[in-house]
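J.: sequence-free structure coming up:
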Ligand code: SAH
Ligand code: AVI
């Protein structure tokens, strides 16, 4: 337990942890990964040799941002969902600022640490850029995007859309479309289906950063809710589920154990080898992307991909 825990405040994660551990099988929503430590570990994952999505998407951006900016239109206002450190976004910001005199950028993230870090620095690097970070959980509520001036370009990069279940992804994109105005655009990054060994390695890096990222969800429960999890009593498990076209991440109990969570006023029982399902990361095909956007009521205008076809960027119009 660290001194940062304030027992007088109920952590916003309490209800989700209670619900997730009371379900069968036990699960936790992946947004709980992202406290300050989780955001730091995610950045570290993106630098491992095995985790190809970030560098592949960056490579697509390096080649195509002028086209993407032109396709999106003029007089743009930029919004980014789950912006994180928004490192790739800088390339697009540069391209947009070659086409218009100034730009408002609204990065939205559930992680205060992600928003407060490098995103804030962009103010200094681009004098004609105005950054207005929004701390919000987009799965609960979207900020009033219609009220923003100009034509909106909403970014949802990194294949974070793949962390939604397929029905939830469709419902989310439909709701996002409704929160925008006709003519606004969405640029969504999709990780594509590929060789199982490449997918497996990306979520089982040799340095064990992904394992630490996964276990951080338990460390966070210890920090914020007075949990008593022994991180060594759980193993990181990540595998490719071909039938469901997704990578699954779990935490597997190495022994039978009861773990108390002080702020929930109770303990939870884990059998030996029982798993907590922490994340799905769906992988897409061209046909799936087209169907998802169509069923969300969006019009797919253009896609860009890397030479190996490992990652795709889709521009859709409301
Ligand atoms: N877009 C970045 C970061 C991806 S990591 C990239 O492509 O590299 C996923 C990001 O989404 C994290 O910064 C996380 O804090 C944020 N996030 C996850 N669930 C969220 C939610 N429900 N609401 C807002 N942000 C969320
Ligand atoms: C943010 N999201 C798209 C990442 C993914 O690949 O599903 C999160 C992540 N999980 C493990 N490694 C990275």
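T.: On my side now, so go ahead. The shown structure was predicted, so the numbers you read here are calculated from the model rather than taken from an experiment. Residues are numbered from 1 along each chain as shown. Ligands and ions are numbered 1, 2, ... in the order given.
J.: All the strands of the stretch 201-318 of the chain, in order from the start?
T.: For the stretch 201-318 of the chain, the strands defined by DSSP state E, counting those that start in this stretch cover 234-241, 246-253, 257-261, 266-270, 275-282, 299-305, 311-317.
J.: could these be laid out in TSV, adding distance to ligand 2, mean neighbour count and mean pLDDT?
T.: The C-beta positions use only the backbone N, C-alpha and C, and glycine is treated the same way. Below are the strands of the stretch 201-318 of the chain laid out as TSV (distance: least, C-beta to the nearest ligand atom, whole Å; neighbours: other C-beta atoms under 10 Å; pLDDT from 0 to 100):
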stretch	distance to ligand 2	mean neighbour count	mean pLDDT
strand 234-241	7	18	98
strand 246-253	6	20	98
strand 257-261	23	16	98
strand 266-270	22	16	97
strand 275-282	3	21	98
strand 299-305	17	16	98
strand 311-317	11	23	98
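J.: Just put the ones you listed in JSON lines and tack on distance to residue 177.
T.: Formatted as JSON lines, the strands of the stretch 201-318 of the chain follow (distance: least, C-beta to C-beta, whole Å):
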{"stretch": "strand 234-241", "distance to residue 177": "29"}
{"stretch": "strand 246-253", "distance to residue 177": "24"}
{"stretch": "strand 257-261", "distance to residue 177": "39"}
{"stretch": "strand 266-270", "distance to residue 177": "39"}
{"stretch": "strand 275-282", "distance to residue 177": "20"}
{"stretch": "strand 299-305", "distance to residue 177": "10"}
{"stretch": "strand 311-317", "distance to residue 177": "9"}
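J.: Residue most distant from the centroid, the protein?
T.: Going by C-alpha atoms, centre = their mean, the residue of the chain most distant from its centre is residue 256, 32.0 Å out.
J.: Distance check, that residue against ligand 2.
T.: 27 Å (C-beta to the nearest ligand atom, to the nearest Å).
J.: was I right about that residue contacting residue 233?
T.: No. Between residue 256 and residue 233 there is no contact under C-beta atoms under 8 Å: 10.1 Å.
J.: Tell me who's in contact with the residue farthest from the centre of the chain.
T.: Residues in contact with residue 256, defined by C-beta atoms under 8 Å, 6 or more residues apart in numbering, are 269, 270, 271, 272.
J.: Closest to ligand 1 out of those residues?
T.: The shortest approach to ligand 1 among those belongs to residue 270, at 25.3 Å (C-beta to the nearest ligand atom).
J.: Report the beta-bridge partners for the nearest residue to the closest one once chain neighbours are set aside.
T.: Nearest non-adjacent residue to residue 270, counting by C-beta to C-beta, 6 or more residues apart in numbering: residue 253, 3.9 Å away. Beta bridges link residue 253 to residue 234, judged by DSSP bridges.
J.: and what of residue 79?
T.: The partner residues for residue 79, given DSSP bridges, come to residue 106, residue 154.
J.: Distance of it relative to ligand 2?
T.: The separation that residue 79 has from ligand 2, given C-beta to the nearest ligand atom, amounts to 18 Å.
J.: per-residue confidence for that residue?
T.: For residue 79, the model assigns a pLDDT of 97.
J.: Name the surrounding residues that touch stretch 233-249.
T.: With C-beta under 8 Å, 6+ apart as the criterion, stretch 233-249 contacts 162, 193, 196, 199-200, 202-204, 208, 210-211, 214-215, 218, 250-255, 257, 275-285, 288.
J.: Give me the distance between that stretch and the centre of its chain.
T.: Centroid displacement of stretch 233-249 relative to its chain, using C-alpha atoms, centre = their mean, to the nearest Å, is 17 Å.
J.: Just confirm yes or no for that stretch near ligand 1.
T.: No. Counting by C-beta under 6 Å from any ligand atom, ligand 1 is not contacted by stretch 233-249; separation bottoms out at 13.6 Å.
J.: what does whichever helix or strand residue 57 is part of contact?
T.: Assigned by DSSP states H and E, residue 57 belongs to helix 52-72. Applying C-beta under 8 Å, 6+ apart, the external contacts of helix 52-72 come out as 46, 76, 87-88, 91-92, 94-96, 98-99, 151, 153, 157-159, 185, 187, 189, 191, 198, 202, 301-302, 304-306, 308, 310-313, 315.
J.: of those, buried ones?
T.: Buried subset of these (neighbour count, 16 or more other C-beta atoms under 10 Å): 46, 76, 87-88, 91-92, 95-96, 151, 153, 157-159, 185, 187, 189, 191, 202, 304-306, 310-313, 315.
J.: unless I'm mixing things up, residue 294 is touching residue 300, no?
T.: Yes. With contact defined as C-beta under 8 Å, residue 294 reaches residue 300; the gap is 7.2 Å.
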